[in-house]
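1. Let me see the structure of the following:
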Amino acid sequence: MPVSVTLLSLCQALLISGNILLIAVSPLIGARLAPDPVWSTAPVATQWLGLMCATIPASLIMARLGRKRGFLLGNLMGLGGVMLAAQALVGEHFGLFMFGTWLIGIGIGFGQLYRFAAVEAAPLALRDRAIGLVMGGGVLAAFFGPWLARISRELADTPFLGSFMGLGALYLTALVILLLTRLPPPEATHGEGRPRPLGDIVRQPVFLVAVVSALVGYGVMNLAMTATPLAMAGAGFHFDHVATTIQWHVLAMFLPSFVTGHLTARFGSHRMIVTGCLLLAACGVVAQVDGGVAGFHTALILLGLGWNFTFLPATGLLTEAYRPAEKARTQAANEFLVFSTVAVTALLAGPLVDRLGWTLLNALLIPLALLPIALVFWRRLATRSQRPHISG
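-> Numbers count the residues shown, from 1 in each chain. Okay, here's the model as predicted:
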């Protein structure tokens, strides 16, 4: 595996460590600064909104300037957001804090393309393993992120200001690693030729299965994950319990990444996606029967595994939907659809858990988690119908 893939994995680990920190503290900051509890997850939503806004520009910028310059630009945007968020905490300004998380989300949106950069830097035979290695950087984040959230929370007199000081240190470290990383120039990865109309690309069954699997997997996971700190705090659990639950969840999200590529190569993307959807549904079932710490742990572990087995195979499946000249637009469409869904789920998490409660919220997610399975079988039927019939 090329060294550049390993360095991208480290950048991914730093990015996810920061995301975990934000997941743990942003809803609590929102609950403290927001004028109404219903807006407590609004800073999480603006973060995902920033990510959504970055999806199309990030892909097009990287097609023109290259992956490395694009990642550096996104990292600097994230650092700017960290500084604004820190200023908002000192001044207790809810609107400015949301603007800061929006800029942080833009930086994260650029970083979400690390997995596609890994595909380009690795040989074709190692495509799925390269995706797995980069996403596997989240294993380090599963330990480092919650630890950083715990120790940084009270480092400054202003609550949670230390958390954003730690987040800035993560982004600065990633900036140094990116400067040392060699990535192929855009002309070597995006190709030449006349691309097909985007409408023709998105109507392909392979594109539809890949995108729906990714957006359902990520959307269900994000809605339940964002609601977890609020649900656990409402149930009277200590912040340490919240951080530990998120830690196990993120570990379940990324630890399988080291073998997901092998499993996808052996069993195929469709079987992996079906398995992931069943695990997401199992999370909702557990939430119906156990509202204690063990129940939250088990549900969030299943949620993380389900995300891994839907999102990673869907990423590999997407690469079958486009030609080199179509890469930027297709990836941009995929990222926009997936992360606009994630932004909506983050915004809905606060009102839904407040009005419906943890148990009913998860019950409603069960049928949604099973939707990609129907599309997988639809694609199989469509593929069979296109095969030539031999008459005797």
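2. where are the low-confidence patches of the stretch 151-300 of the chain?
-> The model of the stretch 151-300 of the chain has pLDDT under 70 over residues 153, 187-193.
3. can you map out the helices along it?
-> Taking DSSP state H, counting those that start in this stretch as the test, the helices found in the stretch 151-300 of the chain are 161-180, 186-189, 198-202, 205-234, 239-254, 257-267, 269-289, 293-318.
4. Looking at those helices, spot the one closest to residue 126.
-> With C-beta to C-beta as the measure, helix 257-267 is the member of these nearest residue 126 (8.2 Å). Bear in mind the C-beta positions are built from the backbone N, C-alpha and C, glycine included.
5. Tell me which other helices or strands the closest one touches.
-> Contacts defined by 3 or more C-beta pairs under 8 Å, 6 or more residues apart in numbering; DSSP states H and E place helix 257-267 against helix 127-135, helix 138-152, helix 269-289, helix 293-318.
6. on that earlier part again, take the helices of the stretch 151-300 of the chain and write them to TSV, including distance to residue 360.
-> As requested, the helices of the stretch 151-300 of the chain are arranged in TSV below (distance: least, C-beta to C-beta, whole Å):
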stretch	distance to residue 360
helix 161-180	31
helix 186-189	46
helix 198-202	34
helix 205-234	11
helix 239-254	20
helix 257-267	31
helix 269-289	9
helix 293-318	14
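7. which one of these lies closest to residue 116?
-> With C-beta to C-beta as the criterion, residue 116 lies closest to helix 293-318 of those, at 7.8 Å.
8. pLDDT averaged over the next helix or strand after the closest one, what's the number?
-> Going down the chain from helix 293-318, the next helix or strand is helix 327-355, by DSSP states H and E. What helix 327-355 shows for mean pLDDT is 83.
9. Helix 327-355: how far from the chain's middle?
-> 10 Å (C-alpha atoms, centre = their mean, to the nearest Å).
10. List the buried residues of it.
-> Buried residues in helix 327-355, counted by 16 or more other C-beta atoms under 10 Å: 327-350, 352-354.
11. Likewise for stretch 61-73?
-> With burial defined by 16+ other C-beta under 10 Å, the residues of stretch 61-73 counted as buried are 61, 62, 63, 66, 67, 68, 70, 71, 72, 73.
12. related to what we said a few turns ago, go through the helices and strands packed on helix 257-267 and name the closest to residue 23.
-> That would be helix 138-152 among those, by C-beta to C-beta, at 8.3 Å.
13. which parts of the closest one are buried?
-> 138-142, 144-150, 152.
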